[in-house]
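Enquirer: Following is a predicted model, sequence given first.
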Amino acid sequence: MELTKNQHILNWINEQVALTKPDQVIWIDGSEAQLEGLREEACATGEITKLNQEKLPGCYLHRSDPTDVARVESRTFICCKKKEDAGPTNNWMDPEEMYAKLRKLYDGSMKGRTMYVIPYCMGVVGSPFAKYGIELTDSIYVVLNMAIMTRVGQAIFDQLGDSPDFIKGLHAKANLDPEERYIVQFPEDNTIMSINSGYGGNVLQGTKCFALRIASNLGRQEGWLAEHMLILGIQNPKGEIRYVTGAFPSACGKTNLAMLIPPEGYQKNGWKCWCVGDDIAWLRVGPDGRLWAVNPEKGFFGVAPGTNEKSNPNALATTQKGTIFTNVALNLDDNTVWWEKLDKNPPHNALDWKGNPWSPETAEGPAAHPNSRFTAPAENCPCISPEFNNPNGVPISAIIFGGRRAKTAPLVYQSRDWKHGVFVGSIMGSEKTAAAEGTVGETRRDPMAMLPFCGYHMADYWQHWLDMEQSIANPPKIFNVNWFRTDEHGEFIWPGFSENLRVVEWILKRCFDEVGARETEIGYLPNVEDINLEGVDVSRETLADLLSVDKDLWKEEAAGVRGFYKQFGDKLPKELAQELDALEERLNA
Ligand code: GTP
Ligand code: SPV
Ligand code: MN
């Protein structure tokens with residue numbers, strides 16, 4: 001039954017139905033009864049498997065097609081009228097040409113299938129910052145995931161009333177042909193179309209497609225920022241809670257930092273951490289001139305491998321009910337899930353992520369795919385912030401950029417000012433992970449962790465960041481961190497995870513003028529004695545090493561950035577060109 005009389009919505013849906021020709025259309029009202037019916041149906045067809053309901057109540061396993069296990073950047077497009085507006089870092093095609101190509105692929109693609117109409121909201125429904133979307137999909141998996149990741153249901157139609165102001169999304173699994181896979185954003189039409197995929201960020205359109213690629217365009221027009229950032233609240237022994245955001249590339253530690261549990265000594269002294277978000281932040285200037293962040297999502301689509309009782313107990317606890325696991329291993333003995341580094345007891349009677357028999361003795365590959373994921377409700381998280389549903393969000397003291405760098409970047413450094421901070425974000429580099437297709441380990445530039453998610457010209461995006469300075473009377477301070485420096489054996493030097501709070505503590509002290517720093521060529525670095533090492537097995541010498549700046553490596557780095565900047569030509573903001581010149585001058589002095 002139709003859940004709205006909004007003619008803009010009804011007309012658009014009628015067109016998509018005429019194109020894709022589903023056998024039936026089901027409107028998602030957000031009720032538990034309807035979702036439960038869909039879970040049963042998906043279990044019956046094998047699309048999902050019900051897990052041990054005593055150990056993992058409300059949890060299910062899904063295996064995606066083995067050719068469809070990560071975002072596909074090579075098949076992701078920004079289709080605006082002018083190629084120039086998409087910029088050199090996005091794939092582009094003329095919108096008319098793309099629509100024509102897609103129409104052929106979607107034509108009749110839902111014959112024999114059901115179309116589900118998912119009304120969803122990014123942000124708190126009814127709040128001034130909320131944005132609405134409708135995703136049409138032929139995948140129950142997508143419906144169930146969207147119901148965890150976003151606010152779904154009748155309330156969205158009630159809010160929309162007769163308004164045409166919603167993001168249109170069409171998703172069809174079609175035949176999952178990787179050669180005909182398309183993830184397409186039409187920012188000028190507020191439209192998203194994805195086809196021939198059933199995986200994560202490709203198809204849960206509220207997340208990367210909308211809340212980053214489309215929303216980054218809206219933010220530019222409306223004067224705010226849509227960012228690939230975690231949001232974390234840090235409560236100190238005085239009871240003050242200070243908030244930071246962190247932009248690290250995919251699979252570089254956002255979820256882990258977002259759910260950090262303070263080291264024991266810190267806990268004893270009264271430190272607590274609160275998770276507001278683990279992947280996406282929408283940032284706006286508040287009436288007080290500070291930058292305020294909301295998390296537009298309602299759940300976590302987190303990396304499973306590496307998540308364990310020690311590295312991220314909060315994430316593990318979050319996944320113990322109402323969670324959908326994708327591409328992890330199935331332990332056949334007790335019908336639970338397993339992934340690499342969950343514990344030291346891999347199951348001996350298991351199915352791997354492809355559904356093939358797996359045991360540690362005979363294993364030829366990992367049990368779980370390196371980009372296997374959990375989709376878990378944020379409300380399950382033991383450290384979810386009381387501000388999670390606050391429509392105004394939380395005020396941000398620091399913005400932290402970071403990536404995986406084996407050598408170059410020190411553990412932490414602070415930018416000299418906002419402009420230099422934008423420069424630091426723009427030159428972010430990271431070693432590639434399994435979160436996207438391609439060769440793992442290669443270093444690539446990933447400005448602000450937004451390379452795959454910026455929905456317009458990257459140089460215009462930097463200009464927008466620079467312009468924001470004018471409207472933020474009390475801007476957050478900008479930092480860069482690197483948890484991933486390695487020694488001569490390739491082992492991580494810094495223990496990371498909980499211990500990262502020691503670095504965040506220094507960052508917050510800098511924001512509130514509570515600690516000094518030493519000025520270096522690349523920015524302000526901590527004095528070695530200013531990072532608390534009590535209760536952690538890291539010596540002052542090791543810390544000094546982690547905080548060292550190798551000028552030769554940085555000269556190479558600067559040259560690499562120069563090469564990277566070249567592709568932006570005249571569009572590169574002059575402030576960033578000047579920052580690069582100044583960095584090189586300091587290094588050569
Ligand atoms: P996306 O969901 O893809 O955006 O990833 P993310 O940025 O949320 O990354 P996540 O927190 O899931 O971490 C990815 C991987 O990095 C996991 O295997 C973690 O165990 C590992 N990791 C996270 N934090 C640290 C750290 O401080 N040190 C080390 N060595 N590894 C870390
Ligand atoms: C990422 O790759 O940054 C993710 C996973 O968070 S996905 O939703 O698939 O983009
Ligand atoms: Mn992400």
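Expert: Received the coordinates, thanks. Ligands and ions are numbered 1, 2, ... in the order given.
Enquirer: In the stretch 201-350 of the chain, which residue sits closest to ligand 2?
Expert: Gly201 (2.4 Å; C-beta to the nearest ligand atom). C-beta coordinates here come from the backbone N, C-alpha and C atoms, glycine included.
Enquirer: Not counting sequence-adjacent ones, nearest residue to that residue?
Expert: Nearest non-adjacent residue to Gly201, counting by C-beta to C-beta, 6 or more residues apart in numbering: Lys208, 4.0 Å away.
Enquirer: Doesn't the one you found lie inside a strand?
Expert: No - read with DSSP: H, G, I helix; E, B strand; the rest coil, Lys208 is helix and lies in no strand.
Enquirer: Counting neighbours, what do you get for it?
Expert: 26 (other C-beta atoms under 10 Å).
Enquirer: Also the one 5 residues further on?
Expert: Neighbouring residues of Arg213 were enumerated by other C-beta under 10 Å; the total is 26.
Enquirer: cool, Leu105 as well?
Expert: Counted with other C-beta under 10 Å, Leu105 comes out at 19.
Enquirer: ok, so what distance separates the residue lying closest to Gly455 once chain neighbours are set aside from Asp29?
Expert: With sequence-adjacent residues excluded and distances taken as C-beta to C-beta, 6+ apart, Gly455 is closest to Arg213, at 3.7 Å. Per C-beta to C-beta, to the nearest Å, Arg213 is found 28 Å from Asp29.
Enquirer: residues in this structure within reach of ligand 3, list them.
Expert: 250, 279 (C-beta under 5 Å from the ion).
Enquirer: again, only this time at 6 Å
Expert: Within reach of ligand 3 by C-beta under 6 Å from the ion, the chain has these residues: 228, 250, 279.
Enquirer: so is the last one in a helix, a strand, or just coil?
Expert: Meaning Asp279. coil.
Enquirer: Equivalent analysis for the second one, please.
Expert: Counting by three-state DSSP, the backbone at Ser250 sits in coil.
Enquirer: Spit out the contact partners of it.
Expert: 71, 228, 433, 435-436, 449, 452 (C-beta atoms under 8 Å, 6 or more residues apart in numbering).
Enquirer: give the contact list for the residue in the stretch 351-500 of the chain that ligand 1 sits nearest to.
Expert: Nearest to ligand 1, among the residues of the stretch 351-500 of the chain, is Gly496, at 2.6 Å (C-beta to the nearest ligand atom). Counting by C-beta under 8 Å, 6+ apart, Gly496 makes contact with 253, 256, 483-484.
Enquirer: try Thr67
Expert: Thr67 touches 176, 178, counting by C-beta under 8 Å, 6+ apart.
Enquirer: cool, and the one 4 residues further on?
Expert: Shown here is Arg71, whose contacts under the criterion C-beta under 8 Å, 6+ apart are 183, 199-202, 208, 250, 435-437, 452.
Enquirer: Would you quantify the distance from whatever residue of the stretch 301-450 of the chain ends up closest to ligand 3 to Asp545?
Expert: Scanning the stretch 301-450 of the chain for the residue nearest ligand 3 gives Ala435, at 7.0 Å (criterion: C-beta to the ion). To Asp545, Ala435 is 29 Å away according to C-beta to C-beta.
Enquirer: So which of these two has more stuff around it?
Expert: Set Ala435 next to Asp545 and count neighbours by other C-beta under 10 Å: Ala435 wins out with 20 against 16.
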